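S.K.: sharing a model prediction with you, sequence too.
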Amino acid sequence: MTIQLKPLREQVVVITGASSGIGLVTARTAAAAGASVVLAARNQHDLREAVDDIRRRGGRATPVAADVSNPSDVEALGAAASATYGRIDTWINNAAVAVYGRIMELSLDEMRQQFDINYWGVVHGSRVAVPYLRAGGGALINVGSVLSDRAIPLQGNYSAAKHAVKAFTDTLRMELEEERAPVSVTLIKPSSIDTPFFDKARSHMGVEPQPVPPVYAPELVADAILAAAVRPLRDIVVGGSGRLISIGTMAPRLTDAYMERMLFDSQKTDKPVSGRPDNLFGPVARDGGERGRNWQGRTMSRSATTAAALHPKATAMTLASAAAFALAAYVRRTRLS
């Protein structure tokens, strides 16, 4: 069946992990476009600040404190959104936490907690969202990662959770399509993104972690998410480097060798971990806003591959025009010679 999604200005949008980074940028962008946004996170202080900022700018926003690893919290989030605005049109599962270290160095408690947020948080959100979306039509958008396609060292458990998110999302999409439910299901797969995510990560490496370059602006991910909120899209890779990682699945042993040589050092800074708090088992005092501390001036604000994925017709027309121009230039040079 053809799924019809509302214009963003008419939507009620629920976003988890909305107090910083991708979630915060997405909430602000959606609200600026006229959507009513429901922001959820564990950090009540930053959540309130985000909502106050949106309201000062004339937007409609509601905060709901929620830990996505707790299904009761997620059920309460859905009920609050529905009670406040009467429906839910788009639900974005975005909350995630990072733990850096070799698989054998991580405790089982750490690994389970990361899965509880990064995987089970998506499951809880999806199971709560689908009945609302099925009733009125809408979009379910799960934020995975390019690591949904290819694992990397020092983020093995994170990669495993994101692989699970992809499998869950793909299965749910097929089952909803088979029953002809009016629900679009999208998986967003960001590359390295400049957010405070890394500043709050737990590290067993002895030093602070950093994203694998190149690093992209969170606005690119927000644009992809909100494109999927108004137009059914299956999945979107954000950032050209993510395409390369996905392509690496076609030559696994070669990719293994490259990653073993490059990705241990490239994920480490030279700054020792100094006992700072992390957000694995609970929120930190401040979530850090939209951007991280370490990438000012080195963040890519554009991605040609992402633009092409979001706007295939425009890209095809541009390429056709460029080809026609090149052909015409070639013909002129041939005649002159």
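M.R.: Cool, got the structure.
S.K.: can you give me the helices in the stretch 201-337 of the chain?
M.R.: Ranges of helices within the stretch 201-337 of the chain are 218-230, 240-247, 252-262, 304-310, 312-336, based on DSSP state H, counting those that start in this stretch.
S.K.: so which residues of the stretch 51-200 of the chain form helices?
M.R.: In the stretch 51-200 of the chain, the helices defined using DSSP H, counting those that start in this stretch lie at 71-85, 108-118, 120-136, 156-178.
S.K.: could I get those as TSV with mean neighbour count, distance to Q4 and mean pLDDT?
M.R.: Heads up, the C-betas are built off the backbone N, CA and C, glycines and all. Shown next, in TSV, are the helices of the stretch 51-200 of the chain (neighbours: other Cβ atoms under 10 Å; distance: least, Cβ to Cβ, whole Å; pLDDT from 0 to 100):
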stretch	mean neighbour count	distance to Q4	mean pLDDT
helix 71-85	18	19	98
helix 108-118	17	31	98
helix 120-136	21	11	98
helix 156-178	18	15	98
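S.K.: possible to save the ones you listed as TSV with distance to N94?
M.R.: Compiled in TSV, the helices of the stretch 51-200 of the chain are given as follows (distance: least, Cβ to Cβ, whole Å):
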stretch	distance to N94
helix 71-85	13
helix 108-118	11
helix 120-136	9
helix 156-178	11
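S.K.: between those, which one is closest to V12.
M.R.: V12 lies closest to helix 71-85 among the helices of the stretch 51-200 of the chain, at 4.3 Å (Cβ to Cβ).
S.K.: what's in contact with that closest one?
M.R.: 12, 14, 16, 36, 38, 40, 62, 64-68, 88, 121, 124-125, 127-129, 132 (Cβ atoms under 8 Å, 6 or more residues apart in numbering).
S.K.: longest strand anywhere in the protein?
M.R.: Using DSSP state E, we find that the single longest strand of the chain is strand 183-190.
S.K.: touching stretch 39-55 from outside, list them.
M.R.: So stretch 39-55 is contacted by 14-20, 23-24, 27-28, 31, 37, 60-68, 77, 95, 279, 282-287 (Cβ under 8 Å, 6+ apart).
S.K.: which ChimeraX command selects the buried ones in those residues?
M.R.: In ChimeraX, a selection of the buried entries from the contacts of stretch 39-55 looks like this (16 or more other Cβ atoms under 10 Å):
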select :14,15,16,17,18,19,20,23,24,27,28,31,37,60,61,62,63,64,65,66,67,68,77,95,279,283,284,287
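S.K.: what count of nearby residues applies to D265?
M.R.: 7 (other Cβ atoms under 10 Å).
S.K.: what's the pLDDT at it?
M.R.: Looking at D265, its pLDDT is 96.
S.K.: equivalent analysis for A307, please.
M.R.: 76.
S.K.: what separates it from V238, distance-wise?
M.R.: 10 Å (Cβ to Cβ, to the nearest Å).
S.K.: then P182?
M.R.: 26 Å.
S.K.: looking at the two, which one has more neighbours?
M.R.: The neighbour count for P182 versus V238, taken as other Cβ under 10 Å, is higher for V238 (30 against 16).
S.K.: correct me if wrong: the more buried one contacts K189.
M.R.: Yes - at 6.8 Å, V238 counts as touching K189 under the criterion of Cβ atoms under 8 Å.
S.K.: could you chop this protein up by domain?
M.R.: For the chain, automatic domain parsing gives the domain ranges 8-302, 313-337.
S.K.: what sits against W91?
M.R.: With contacts defined as Cβ under 8 Å, 6+ apart, the neighbours of W91 are V13, V14, G125, S126, V128, A129, Y132, L133, G138, A139, L140, I141.
S.K.: what does the pLDDT read for it?
M.R.: Note for W91: predicted pLDDT of 99.
S.K.: and D199, by the same measure?
M.R.: Note on D199: pLDDT of 95.
S.K.: contact partners for it?
M.R.: Taking Cβ under 8 Å, 6+ apart, one finds E208, G288, G292, R293, N294 in contact with D199.
S.K.: what does it show for phi and psi?
M.R.: phi -70, psi -20 (degrees, to the nearest 10).
S.K.: again with V13
M.R.: According to degrees, to the nearest 10, V13 has phi -120, psi 130.
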